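Peer 1: Sequence and predicted structure below; questions after.
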Amino acid sequence: MKKIYHLSTCNTCKKIIEAVQAKEKGFELQDIKTEKITAAQLEEMHKLAGSYEALFSRRSQKYRPMGLHEKELTETDYRDLILQEYSFLKRPVAIVGKEIFIGSDKKNVEGLEAAAKK
């Protein structure tokens with residue numbers, strides 16, 4: 001399976017998708033704003049990532065206004081928040097076979113590019 005969960009309005013996501021030539025290499029693209037993440041999809045990501053916290057974005061514009069920075073969140077909280085609000089998913093999230101690449105840091109993007117070449 002080759003899939004990328006992204007936001008079509010996110011310039012960083014667009015650059016990464018272009019850099020790995022996702023469309024040419026047969027990746028399925030899911031815009032998480034227009035096609036919500038299902039509980040089953042999130043569970044699959046969780047199995048590969050090891051935690052919901054690893055998938056959670058504290059950069060979401062809703063993080064501070066909701067007062068989440070003042071709370072100790074549990075794994076269940078992270079899961080529920082991601083399912084409620086698409087912007088809480090750290091993005092892009094790419095799955096290539098049994099590997100997952102979360103976010104836009106250089107190490108993840110390089111790993112995704114290498115995995116996409118296989």
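Peer 2: On my side now, so go ahead. Numbers count the residues shown, from 1 in each chain.

Peer 1: lowest confidence element among the helices and strands of this structure?
Peer 2: None of the helices or strands of the chain scores lower by mean pLDDT, DSSP states H and E than helix 106-117, at a mean of 91.

Peer 1: just how off-centre is it within its chain?
Peer 2: Centre-to-centre, helix 106-117 and its host chain are 14 Å apart (Cα atoms, centre = their mean, to the nearest Å).

Peer 1: How about stretch 88-99?
Peer 2: Relative to the chain's own centre, stretch 88-99 is displaced by 5 Å; criterion: Cα atoms, centre = their mean.

Peer 1: Span of that stretch from start to end?
Peer 2: End-to-end distance of stretch 88-99: 21 Å, with Cα to Cα, to the nearest Å as the criterion.

Peer 1: who's in contact with the nearest residue to G97 once chain neighbours are set aside?
Peer 2: Distances taken as Cβ to Cβ, 6 or more residues apart in numbering put M1 closest to G97, at 6.7 Å, once the chain neighbours are dropped. Every residue, glycine included, has its C-beta placed from N, CA and C. Contact partners of M1, counting by Cβ atoms under 8 Å, 6 or more residues apart in numbering, are 28, 95-97.

Peer 1: hang on, the earlier thing: report all helices and strands that the least confident helix or strand of the chain contacts.
Peer 2: helix 11-19, strand 93-96, strand 99-102 (3 or more Cβ pairs under 8 Å, 6 or more residues apart in numbering; DSSP states H and E).

Peer 1: Could you look over those and pick the most buried one?
Peer 2: Highest mean neighbour count among the helices and strands packed on helix 106-117 (mean count of other Cβ atoms under 10 Å): strand 93-96, with a mean of 24.

Peer 1: Name the strands paired with that strand and say parallel or antiparallel.
Peer 2: strand 2-6 (antiparallel), strand 99-102 (antiparallel) (DSSP bridges).
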